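S.K.: using only what follows, build the 3D model:
(one chain, ligands or ions: 1)
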Amino acid sequence: MSSNVTPDKQIIGREIRLASRPAGEPGPENFELVRTEVPQPGEGQILVRNTWMSVDPYMRGRMDDAESYIPPFRLGAALEGGAVGEVVVSRSEAVAVGATVSHFLGWREYAVLDASAATVVDTAAVPAQAYLGALGTTGLTAYAALTEVAPVRRGDVVFVSGAAGAVGSVAGQLARKLGAAKVIGSAGGPAKAEKLVTDFGFDAAIDYRAGSIAAQLAEAAPEGIDVYLDNVGGDHLEAAIGVIRHGGRIALVGAISAYNATAPVPGPDNLYRAAYKEATLRGMLVTSYLHLFPEYIERAAGWLADGTLHTEETVAEGIAQAPAAFLGVLRGANVGKMLVRLDGIG
Ligand code: NAP
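M.R.: Numbers count the residues shown, from 1 in each chain. Now for the predicted structure:
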């Protein structure tokens, strides 16, 4: 059955396609902005006018023609990723016109998808784009990492890398809520390092560009660390292993320092310390923790409402700026969540 179907009208929308695969660091030439006719939704489908889309570091891996946990982007086809938007046509009883939904067909102004692939979100108390950040898989990644993968216990010393970014800035605050006695963050540059302490509530901050990470971490945590949430890999992981305490837990969340690498990246040279400290290094994919979403959203929505979870966004305006926003997130142009606003701009 159809419901809420607006009269047929040909909509033209723009989308970003993969023009070529990068060798090493991607550039604007790898993307193409195309105007395209948006198809009418079929039975059981909805047409969504996207208002916000997410750009995320993992998308770099999808630009390569390489086997991973998620298929590569196809050459010449529109990219994909998290987005939120307004339902403008519905041919499903389950989702009404006017609803705000989150879904996975970003990188385009209009998306046609099965209603079952969209989640209606509640925007009464939070803006829609929160579901791409603190209330989305970004926040859930931090929560799952620190509750299940490398659980924080009362009194722990916790270290977070990529700490001024989307996952990291939430993680530092969650660590405190979960009982950490001390939370140390690492970010690139003095301004971000200062922000970690003044705005995101870290006890100490490391500017990894300012010198040896290992030396700075040893100074910030003379007693060692119990938990490390690794967004970066490389020298950061080695430095964390270098100060891990007995029974320490490390969540391997990301390795952004190697995402553009064109040659094999050396591993930590001190793994034996993890052995004799009986530490746990455990990888994670947020998609394995989606069952935690209801519990997490309930808690995080409360923290956002009472102001005890501070979030920030870096916003690019319009679909044409989406590639630049994505290239920027790989280089650290963001504080908090990097987003693209699609609301008829640009
Ligand atoms: P983000 O932290 O908001 O943005 C990426 C940040 O990485 C940049 O802002 C930049 O900050 C930092 N960076 C870039 N190159 C670096 C380098 N060579 N060394 C150190 N830092 C570097 O991104 P996010 O979405 O929150 O993701 C953070 C990490 O979590 C990524 O590795 C991502 O792949 C991973 N992740 C994993 C999962 C999962 O399921 N396992 C889910 C979500 C995210 P600076 O200015 O501080 O350098």
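
S.K.: from now on I want contacts and neighbour counts done on CA atoms only, so please keep to that.
M.R.: Noted.

S.K.: so where do the strands sit in the stretch 201-346 of the chain?
M.R.: Secondary structure of the stretch 201-346 of the chain by DSSP state E, counting those that start in this stretch: the strands cover 204-207, 225-230, 244-252, 280-283, 313-317, 337-341.

S.K.: pick the most deeply packed of those.
M.R.: Stretch with highest mean neighbour count among the strands of the stretch 201-346 of the chain: strand 225-230 (a mean of 28; mean count of other CA atoms under 10 Å).

S.K.: could you list every residue that touches the residue lying closest to residue 75 once chain neighbours are set aside?
M.R.: Using CA to CA, 6 or more residues apart in numbering and skipping residues adjacent in sequence, the residue nearest residue 75 is residue 18, 5.2 Å away. By CA atoms under 8 Å, 6 or more residues apart in numbering, the contact list for residue 18 reads 30-32, 63, 73-79.

S.K.: turn these into CSV, including secondary structure and distance to the ligand.
M.R.: Output for those, formatted as CSV (DSSP: H, G, I helix; E, B strand; the rest coil; distance: CA to the nearest ligand atom, whole Å):
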residue, secondary structure, distance to the ligand
30, helix, 19
31, strand, 20
32, strand, 23
63, coil, 13
73, coil, 16
74, coil, 20
75, strand, 22
76, coil, 24
77, coil, 22
78, strand, 20
79, coil, 17
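
S.K.: ok, the closest residue to residue 340 other than its chain neighbours to residue 176 distance?
M.R.: Once flanking residues are discounted, residue 340 sits nearest to residue 316: 4.7 Å by CA to CA, 6+ apart. Residue 316 is 31 Å from residue 176, where distance means CA to CA, to the nearest Å.

S.K.: what are the phi and psi values at the residue nearest the centre of the chain?
M.R.: Among the residues of the chain, the one closest to the centroid is residue 138, at 4.1 Å (CA atoms, centre = their mean). Backbone torsions of residue 138, given as degrees, to the nearest 10, read phi -60, psi -50.

S.K.: what's near enough to touch it?
M.R.: Residue 138 is in contact with 132, 166-167, counting by CA under 8 Å, 6+ apart.

S.K.: now render the residues you listed as TSV, adding secondary structure and pLDDT.
M.R.: Compiled in TSV, the contacts of residue 138 are given as follows (DSSP: H, G, I helix; E, B strand; the rest coil; pLDDT from 0 to 100):
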residue	secondary structure	pLDDT
132	helix	98
166	helix	98
167	helix	98
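
S.K.: near the ligand, from these?
M.R.: Counting by CA under 6 Å from any ligand atom, 166-167 from the contacts of residue 138 sit close to the ligand.

S.K.: show me how to select, in ChimeraX, the buried members of the contacts of residue 138.
M.R.: Buried residues among the contacts of residue 138 (16 or more other CA atoms under 10 Å), as a ChimeraX selection:
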select :132,166,167
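
S.K.: gap between the residue nearest to residue 75 and the ligand?
M.R.: Distance of residue 18 to the ligand, given as CA to the nearest ligand atom, to the nearest Å: 19 Å.

S.K.: surely residue 112 meets residue 45?
M.R.: Yes. In this structure, residue 112 is within contact of residue 45 by CA atoms under 8 Å, at 6.8 Å.

S.K.: more neighbours, these two?
M.R.: Neighbours were counted for residue 112 and for residue 45 using other CA atoms under 10 Å; residue 45 has more, 23 against 19.

S.K.: quick check: bridge partners of the more buried one?
M.R.: As for beta bridges, residue 45 partners with residue 114 under DSSP bridges.

S.K.: so how many other residues sit close to residue 12?
M.R.: A total of 12 residues lie near residue 12 under the criterion other CA under 10 Å.

S.K.: nearest spatial neighbour of it, chain-adjacent residues omitted?
M.R.: That would be residue 37: by CA to CA, 6+ apart, it lies 4.7 Å from residue 12.

S.K.: quick check: buried residues in stretch 265-272?
M.R.: Buried residues in stretch 265-272 (16+ other CA under 10 Å): 268, 271.

S.K.: quick one: contacts of that stretch?
M.R.: 234-235, 237-238, 241-242, 258.

S.K.: with stretch 79-89 instead?
M.R.: 4-6, 16-18, 41, 46-55, 59, 73, 95-107, 128-129, 131-132.

S.K.: next: stretch 175-186.
M.R.: Contacts of stretch 175-186 (CA under 8 Å, 6+ apart): 146, 152-164, 172, 193, 196, 202-208, 220-221.

S.K.: so how far does it reach from one end to the other?
M.R.: End-to-end for stretch 175-186, by CA to CA: 14 Å.

S.K.: then stretch 37-53?
M.R.: Note: stretch 37-53 ends 20 Å apart using CA to CA.
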